[in-house]
Every structure is written in C-alpha cells, then in structure tokens.
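Engineer: fold the following and give me the result.
(one chain, ligands or ions: 2)
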Amino acid sequence: MRPVAALLAILRDEGVEKIFGNPGTTELPLLDALADAPDIEYVLATQELSAVAMADGYARATGRPAFVNLHVAAGLANGLIGMLNARRSRIPLVVTAGQQDRRHLVEDPMLSGDLVGLATAASKHAVEVQHARDLPIVLRRAFALAARPPAGPVFVSIPMDLLWSDTDVSVPPRSPLTPPGPATGIDRAAAILAGARRPAVVAGDGVGREGAVAELVTVAERLGASVYPQPMHDSVNFPGNHPLNAGMPAPRNAAVREALAGHDVVLIVGSHAFSPHHYTPGSPIPPGTRVVQLDSDPDEPGRNFAVELGLVGGVRSSLAALATALDGHVPAAASRVAEPADRGAAAPRYGAAPLDPAAVAHAIATALPPHAVLVDEAITIGVLLRPLLRLERPGGFVHTVGGGLGWGIGAAIGTRLGQPGRPVVAVLGDGCAMFGLQGLWSAARYRVPVAFLVMNNGEYRTLKDTLAESGSTGPHLGLDLGRLDWTAAATFFGVRSRRVESADELSEVVAGVGELDAPLLLDVPVLDREGT
Ligand SMILES: Cc1ncc(C[n+]2csc(CCOP(=O)(O)OP(=O)(O)O)c2C)c(N)n1
Ligand SMILES: [Mg+2]
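Structural biologist: Ligands and ions are numbered 1, 2, ... in the order given. Just a heads-up that it's a prediction; the model follows:
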C-alpha cells in the first residue's frame, strides 16, 4: 500500500477518529487522502496552539493518544507550547508535521527547517522518517511511546515527497501491551505505612490519569491518612469532599513542607516531584519524615528527594494491592477520620458587577452539575475555585501543570469532543483567553457546546499579586489589558455570548450547561486588584 494509505490504516488501528491540525502545502498529501476516509475527521484549528490544546483535552477524555498534524517549522513552532504543556502533564500525543520535499531540501526551501531540533525540547522523542518503508514502524513506535509512562508527546516529521510517493509499504500489526502490573515491594510499603503514627498521602496526577481514585480512597481510609492533593494538580485524584482531604498546599516547597510537618510517614503517589512554582529554599519533605513513593514512571521515585522506599508499577494495580495488604492492619484508621471540613459554608456576598472573585468562584462551584467537567485556566479565580469544587467524579476537573497559557479554550473543546456525554465549563482568565482566542473558531465551526466563562478583570492579576507580595508598590507596567468586550470577540467567531451582571445569573448559566447545543461565551466582569 502507498505510504499515505499506511498512515491512515495505522490511525484506524490505533483508534484515531480525529486529526487535530492546521495544514500547509507539505500536509496536502494527507488532506487529499482524507477525502476518501470519512471515518477519520479532520478538526481544523486556525492557530496551532489550539490544535494541540484540543488534542490534549481529547487525549485526556478518551484515554488514548491523540493525533496532531502541523505545518513544517512554522506550524510546529506555534504548536510547541501545547506540546510543552502536554509533556509536563504527561498527556499522550502523536504530533506529526510535513517536512519539505527532500528533492530540494538541500536548497533550504521556504518553511523547511530542523523540525526534529525544534521539537526535541517539547517531546519525549522526535524523529524524521527517512524511507517510505520506515513510516509504518515509526508510527507504531510513536503511538506506543506516547502512551508508555511517562506519557507525553512524540514528534514525527514526514517529508512531503515520501508521503506522496507510490512506494509499496506494509503495515505491521499493532502490538497490544498489557497495562503495568503492581510494583514489587508492596508488603514492605504496607508495613512502613501501617506502622505510622500520623500518615499522610500526596495524591498526584498519576492517580487521576491512571483511573485509580477509588483505589487511593480505599488506601487512605485503611490508613486513616490525611490526603494532600498535589500542588496545582490537573485532574481529580482524590474527592474534594472526602473527610480525609486535607487541602492542596501552595506550589512552593516551603508550603508542602509545612503541610507535611507532623506526619511521620508520607505516601506520595503519581506526583511529578511537586513541580514548585515560586522558589523557596529547602526540600518539600520535612526533616525526619519517611517517604514511600509510587509511580509508573521509574524516573520519579527519589528524583528530587530521597525516599525510604520507591515503588515502580501501575498506579491503579499497585494501590489495589496496597489496599489489600493494609486491610485490617491499621486499627487506629477509623479514629483518624475527621469530620468533613465545613468548606464553602460561609457564602460570600453576591454584590453587583464587577463581581467579587470569591463570589464568582462560589457561584460556579455550587452551580456546577455533578457530572460536568470543569476546565480550569482561570489563574487567580482558579485558586479560589479549587477548594470549593466537589471533585466527586473522576475526570471532572482538567487543568495543565504545564503553565503555558492559551491552552484552556482548545482543551475544553477537546474534552467535550472526546466525551460528548459530559457538559463542559471552561473558566478562563481574560489574559489566558487572549492567548488561545482562535480556539473559538473551532468551537463555532464544529458546534461544540462548551460554556466559556471569561473572568474579565482587565489585568494580569496574578502577576500584580506576586509583585505586591514581593514588596513592590508599583506602578506595575505591562500587566493591564483593559476591560475588553468579550461578547464582541465571541460574535466575531460566531459564538453566542452574553455579559452577566450578577453572580446569580452566572450560577444559572453554569447550572444549565447540560442544555447547551452550541458554544456559549459569558463575559464575567470581575473586580480587579484595585477593587474597581
Ligand atoms: C504563554 C505564556 N505567556 C506568559 C505567561 C506568564 N503569565 C502567567 S500568569 C499570566 C497572566 C494571567 O492573567 P489572566 O489570565 O488574566 O488571569 P488573572 O491573573 O487576571 O486571574 C501570565 C501572562 C505564561 N504562563 N504563558
Ligand atoms: Mg485577568
């Protein structure tokens, strides 16, 4: 079969139903072939960051590697930020780009470049296909490697002439892999944890990613351990309303250390070494605390701090085995389960617009339907929102620890495309929304019923807050956007929109998100740092 037919055959085999991309000349062989492949939908983005962000949300929602096609050096460069986010968040992507025709590559044709060099820093692995007969094997490897812990983006550059050639290539069958089994050393881990006086658990994103929330709940309950969600976690790893949930520490080593102080033993599960944001001196682990760390990525245990025991294995199967090993061995566990925290009891005052950020967070969290997914790229409002969310259902919260802004609109679209049965609410800072605004075009074009809530404070509030915390009194330059008319932005893209004037109005829309049959953007006026 021709190389382009082999590419499509492999996509089908790997369960790919959508290609997220933006094409140029070098991708035309693929687009041409797609005309005869109605089972594979090409989802167009009008900026490559949106394409990769859509693929990110889609991969999370489907649990399979998502496929992206970008245009040579320029398109890849625009997509790199999305790949950086996916790399850090461990999201499996196969990202391809067309390379220029090799027959004139020596002449440095327009848009050509060192694609592998560009992609390397943002990928697990990057490769350019050299021979038509190599294409199938390279693609098979890419899908396998993208999904293998730690999951992440794998980049494949495919020269245009190679894809368009009529060389006869054969497609090797898919090699099914069994999921990673339980780690060795579970009994020793159980003994260390069962002997703890005051155990703690850190619930990292590996728990949500590997579908192990129920198993972690059982382990925590059998230990009576306080559970700290990983700082800035990007999935549901432990229910927000569980009595053992002790709250998320801030993304600073000092804050993690403070939270863990007083715990003699800590079980850290599926967490990429705490990913601190603001520098604070010292280790996140308090002196003398014994650490057991479990991850499916062999590079994690012992990476940033020493552990007494490192466990490498599937998170879900290992936690299930640990729960069995702990069963009945910690008689004190029940007495350690505290009363549920009284979170959200004191509702903030819902004043007139511009709205108090606390009221906005409260209105969203209380109105969110239980089966909905909240996609968070809301920065300062997101920080207020997290502790209020119930996080009862796996997959109900999506964020990126990558930190590269412009991801939220695309990720929300991909989340919905991958899971059409779940309503999606995207909460976006106005600064964030500006970076990924073109994503609205795809939402409108494919009529993806997401509610985009733009937190309109007219500024980069978080950066002003950080400056103020560091003692700067301002004036703060380069941190103001001005209050923009977001309804006008939505209208331009063909997205229905509305400006809300009260937190009650906001609640009403969030509560009704399940009824949407097309995208809706809400312009939510929020008080700025000056209180205006
Ligand atoms: C691509 C990219 N550029 C710049 C930044 C730096 N940055 C971090 S937060 C932020 C401002 C976010 O503002 P906004 O979305 O309005 O949220 P707010 O702080 O107002 O809640 C910026 C520019 C980044 N993280 N990523
Ligand atoms: Mg803002």
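
Engineer: tell me which strands the host helix or strand of residue 155 pairs with, and in which orientation.
Structural biologist: Applying DSSP states H and E as the criterion places residue 155 in strand 153-159. The strands that strand 153-159 pairs with in its sheet are strand 93-99 (parallel), strand 125-128 (parallel) (by DSSP bridges).

Engineer: out of these, which comes closest to residue 322?
Structural biologist: Closest approach to residue 322 among those is made by strand 93-99 (30.7 Å; C-beta to C-beta). All C-beta spots, glycine's among them, are computed from the backbone N, C-alpha and C.

Engineer: from the rest of the structure, what touches the strand holding residue 155?
Structural biologist: 7, 76, 83, 86-87, 91-102, 105, 115-116, 119-120, 122-129, 135, 138-139, 141-143, 145-146 (C-beta atoms under 8 Å, 6 or more residues apart in numbering).

Engineer: can you rerun that using 6 Å?
Structural biologist: Outside of strand 153-159, the residues within contact range by C-beta atoms under 6 Å, 6 or more residues apart in numbering are 83, 86-87, 93-99, 102, 115, 119, 123-129, 138, 142, 145-146.

Engineer: for this structure, name the helix or strand with the lowest mean pLDDT.
Structural biologist: The weakest-scoring helix or strand in the chain, judged by mean pLDDT, DSSP states H and E, is helix 333-336 (a mean of 86).

Engineer: C-alpha coordinates for the helix or strand just after that one, PDB please?
Structural biologist: Next in sequence after helix 333-336, counting helices and strands by DSSP H and E, comes helix 357-367. Below are the C-alpha coordinates for helix 357-367, written out as PDB (Å, rounded to 0.1, in the frame of the first residue of the first chain):
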ATOM      1  CA  PRO A 357     -13.800  37.000  42.700                       C
ATOM      2  CA  ALA A 358     -14.800  34.900  45.800                       C
ATOM      3  CA  ALA A 359     -18.500  35.300  44.800                       C
ATOM      4  CA  VAL A 360     -17.700  34.200  41.200                       C
ATOM      5  CA  ALA A 361     -15.800  31.100  42.400                       C
ATOM      6  CA  HIS A 362     -18.600  30.300  44.900                       C
ATOM      7  CA  ALA A 363     -21.300  30.700  42.200                       C
ATOM      8  CA  ILE A 364     -19.500  28.400  39.700                       C
ATOM      9  CA  ALA A 365     -18.600  25.700  42.300                       C
ATOM     10  CA  THR A 366     -22.100  25.500  43.800                       C
ATOM     11  CA  ALA A 367     -23.900  25.500  40.500                       C
END
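
Engineer: what about helix 357-367 and ligand 2, touching?
Structural biologist: No. With C-beta under 5 Å from the ion as the criterion, ligand 2 is not reached by helix 357-367; the gap is at least 10.1 Å.

Engineer: tell me what the next helix or strand after that helix is packed against?
Structural biologist: Remark: after helix 357-367, the chain's next helix or strand is strand 373-377, criterion DSSP H and E. For strand 373-377, the contact count by 3 or more C-beta pairs under 6 Å, 6 or more residues apart in numbering; DSSP states H and E identifies helix 408-418, strand 424-429 as packing neighbours.

Engineer: next up, the contacts around residue 380.
Structural biologist: 461-462.

Engineer: phi and psi next, for it.
Structural biologist: phi -70, psi -40 (degrees, to the nearest 10).

Engineer: again, but for residue 316
Structural biologist: phi -70, psi -50.

Engineer: over to residue 37?
Structural biologist: Torsion angles, degrees, to the nearest 10, at residue 37: phi -130, psi 70.

Engineer: that one and residue 7 touch, don't they?
Structural biologist: No. Residue 37 is not in contact with residue 7 according to C-beta atoms under 6 Å; the separation is 10.1 Å.

Engineer: between those two, tell me which one has more neighbours.
Structural biologist: residue 7 (25 against 17; other C-beta atoms under 10 Å).
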